[in-house]
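>>> Sequence and predicted model, in that order:
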Amino acid sequence: MRRKIVAGNWKMNTLLPEGEVLVKQLEFLTEELESDVEIIIAPPFTHLAVLGKYIKETKMKIALAAQNCADQEKGAFTGEVSAAMLRNLGCKFVILGHSERREYYAENNESLYKKINLVINEGMQPIFCVGEKLEERQANRHFEVVAQQIKDVLYRLRGVELDNVIVAYEPVWAIGTGMTATSDQAEEMHAYIRRVIGDKFGEHADRIPILYGGSCKPSNASEIFSKSNVDGGLIGGASLDAQDFVAIVKSF
Ligand code: 13P
């Protein structure tokens, strides 16, 4: 039985007071929730200290994630935030390699490999994002592209390290576009990702949670989550609405 996870990636949205309201709404909506789904939120860096403290004090069953971290441990790296700093604020997870970071901030595999190690060494779990662009899917290169993203970074880990990793498959053409992958497309890719990981890591691949991300919402979540290789979702837009986000959690 694999873990079930629904994670909300807030991206660069909400001012801190709005983030606080959102967390209080989530607290209210999940108070009575009996669920085996792990709920994670990834607010902007600027919110983590305050929200981390609130989550700890109220003992909410929601875990905190960051959306990125530095690829260096500490020192003269102006503007960067280290894995240790995030751990210290109560983060349990760090999203790494999101397509928006790969595309707009030239995130590369070497840097991602360093980040994954730093996050694992701090006792946190990386949520490692992979996914193809529209033109790559149209050229029927989507399997090849995703396999390469996995090989370039995850293949360099040891099996025990891999056990801390969560993979998120986010087809770039489905992010923020309203164009969701069909549940069959998601299942096909998730099964493929598990096979690629299994080629190198054997049975570790059976345990790794693989989340789907890309225009996931209450109306399509249960269909997508019903697939055997889909272990949850990485939710963007819909995670900014507490009702929608909790409805997605409940659709498992
Ligand atoms: P949307 O749910 O807004 O399409 O975003 C998905 C995503 O990028 C989550 O990381």
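That came in fine, so what should we check first?

>>> Find the residue at the geometric middle of the chain.
Nearest residue to the geometric centre of the chain (C-alpha atoms, centre = their mean): Ile127, 4.2 Å.

>>> Now for it: which residues touch it?
Neighbouring residues of Ile127 by C-beta atoms under 8 Å, 6 or more residues apart in numbering: Ala7, Ile40, Ala65, Phe93, Val94, Ile95, Leu96, Ile166, Val167, Ala168, Leu211, Leu234. (C-beta placed from N, C-alpha, C; glycine too.)

>>> The ligand next: which of those residues are close?
Taking C-beta under 6 Å from any ligand atom as the test, the ligand is in contact with Leu234 out of those.

>>> quick one: which of the contacts of Ile127 has the most company?
The residue in these with the most neighbours, by other C-beta atoms under 10 Å, is Leu234 (28 neighbours).

>>> So which of the contacts of Ile127 is the closest to Lys114?
Of all the contacts of Ile127, Leu96 has the smallest distance to Lys114: 10.1 Å, by C-beta to C-beta.

>>> The closest one bridge partners, please.
When bridges are called by DSSP bridges, Leu96 pairs up with Phe128.

>>> Quick one, grab the pLDDT at it.
pLDDT for Leu96: 98.

>>> Find the closest residue to the ligand in the stretch 151-252 of the chain.
Closest contact between the stretch 151-252 of the chain and the ligand, by C-beta to the nearest ligand atom, is at Gly236 (2.2 Å).

>>> how much space between that residue and Val94?
From Gly236 across to Val94, the span is 17 Å (C-beta to C-beta, to the nearest Å).

>>> Could you do Val50 as well?
Separation of Val50 from Val94 (C-beta to C-beta): 18 Å.

>>> likewise Phe77?
Relative to Val94, Phe77 is positioned 16 Å away (C-beta to C-beta).

>>> what does the stretch 1-150 of the chain put close to the ligand?
Proximity of the stretch 1-150 of the chain to the ligand, by C-beta under 6 Å from any ligand atom, involves residues Asn9, His98.

>>> hmm, back to that, give the full set of residues in contact with the residue of the stretch 151-252 of the chain closest to the ligand.
By C-beta under 8 Å, 6+ apart, the contact list for Gly236 reads Asn9, Lys11, Ile175, Gly176, Gly213.

>>> Out of these, the closest to Tyr104 would be?
Closest to Tyr104 out of the contacts of Gly236 is Lys11 (11.5 Å), distances taken as C-beta to C-beta.

>>> who's in contact with the closest one?
With C-beta under 8 Å, 6+ apart, Lys11 has these contacts: Pro44, Gln67, Glu100, Gly236.

>>> you'd agree it is in a helix?
No: under DSSP: H, G, I helix; E, B strand; the rest coil, Lys11 sits outside any helix and is assigned coil.

>>> Leaving out sequence neighbours, find the closest residue to Lys53.
Nearest in space to Lys53, with sequence neighbours left out and distances taken as C-beta to C-beta, 6 or more residues apart in numbering, is Gly90 at 7.5 Å.

>>> those strands in the stretch 51-200 of the chain, which residues are they?
Applying DSSP state E, counting those that start in this stretch to the stretch 51-200 of the chain gives strands spanning 62-66, 91-96, 125-130, 166-169.

>>> Need the pLDDT of the residue of the stretch 151-252 of the chain closest to the ligand.
Looking at Gly236, its pLDDT stands at 98.

>>> Isn't Phe45 up against Cys69?
No: using C-beta atoms under 8 Å as the test, Phe45 is too far from Cys69 to be in contact (9.3 Å).
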